[in-house]
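S.K.: Predicted model follows, preceded by the sequence.
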Amino acid sequence: MPNNKKKTLKQIKKKESVIHPSSRKAAQLQRAFLRKDRLDKTKLRRYSESVRPIVDRILWFKYALDDSIPCATKADIYDLIEMYISRNDDELSKIKSLKMNGAVRPKTVKEDLIEALKLKEQKEYIEGFEIPDLMNAKNVKILREWDGDPNSLSRIKLIRVEDPKNAIDLKATVANLKKMKLNKGSDKSQGEKTTKAMELDPDIIIKN
């Protein structure tokens, strides 16, 4: 049976110190070099695809923050996030305005992508939107010195910020649940009193 096991560059180099250019080993070494190069390029492409979006986001916040202030307030951060999520609204409006008056036309691919991205980011904002910590002056200084290199991304502290409107809605929901629970407990208590009264006097009539 043929041996299809792929040998690594390290394994081939380890076997022979001197390899003849026309030998079978030289061809094997060349294949191993090409395979390593292909794997390295694939790994780099996948890394770039996964890191690029967060790099672009951090750069946006870096340039959006007013240079005249050492750091942002919480209100500033909320405004910046809203601006970031709405950053493609003008482009979306232009795409929609190009449609024929009164005519029904299908959405373009770009229109679908922009709308899907905005929905995704709005959902992330509800759960916790990841941005650089702009309320930390030291972190802002590091951010302003950063040139966008993904390799030094770890120097920048990131935080998650939740939509304050969602927090207000959550508090209101919790308050309503507590109120419902109290009302339920009160109704239960009243029901127990009525049942006890009926046990004492079966002829009792309950009037609304």
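M.R.: Perfect, I can see it now. Numbering: from 1, shown residues only.
S.K.: mind listing what Ala95 touches?
M.R.: That one is not Ala; residue 95 is Ile. 108, 110-111, 114 (Cβ atoms under 8 Å, 6 or more residues apart in numbering). Glycine gets a C-beta too; all of them are placed from N, C-alpha and C.
S.K.: where do the strands sit along the chain?
M.R.: 129-132, 158-161 (DSSP state E).
S.K.: I'd like those strands written out as a markdown table, with distance to Leu143 added.
M.R.: Shown next, in a markdown table, are those (distance: least, Cβ to Cβ, whole Å):
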| stretch | distance to Leu143 |
| --- | --- |
| strand 129-132 | 5 |
| strand 158-161 | 10 |
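S.K.: which secondary element of the protein has the worst mean pLDDT?
M.R.: helix 9-15 (a mean of 52; mean pLDDT, DSSP states H and E).
S.K.: Let me see the contact set for the nearest residue to Ala64 once chain neighbours are set aside.
M.R.: Among residues not flanking Ala64 along the chain, Leu80 sits closest, at 5.6 Å (Cβ to Cβ, 6 or more residues apart in numbering). By Cβ under 8 Å, 6+ apart, the contact list for Leu80 reads 61, 64-65, 72, 131, 134.
S.K.: how close does Leu80 get to Met135?
M.R.: 11 Å (Cβ to Cβ, to the nearest Å).
S.K.: shared neighbours of these two, which are they?
M.R.: With Cβ under 8 Å, 6+ apart as the test, Leu80 and Met135 both reach Ala72.
S.K.: Nearest to Arg57 among the strands of the chain would be which one?
M.R.: When the strands of the chain are compared by Cβ to Cβ, strand 129-132 sits nearest Arg57, at 7.2 Å.
S.K.: And the closest one, what's buried?
M.R.: Across strand 129-132, burial judged by 16 or more other Cβ atoms under 10 Å covers 129, 131-132.
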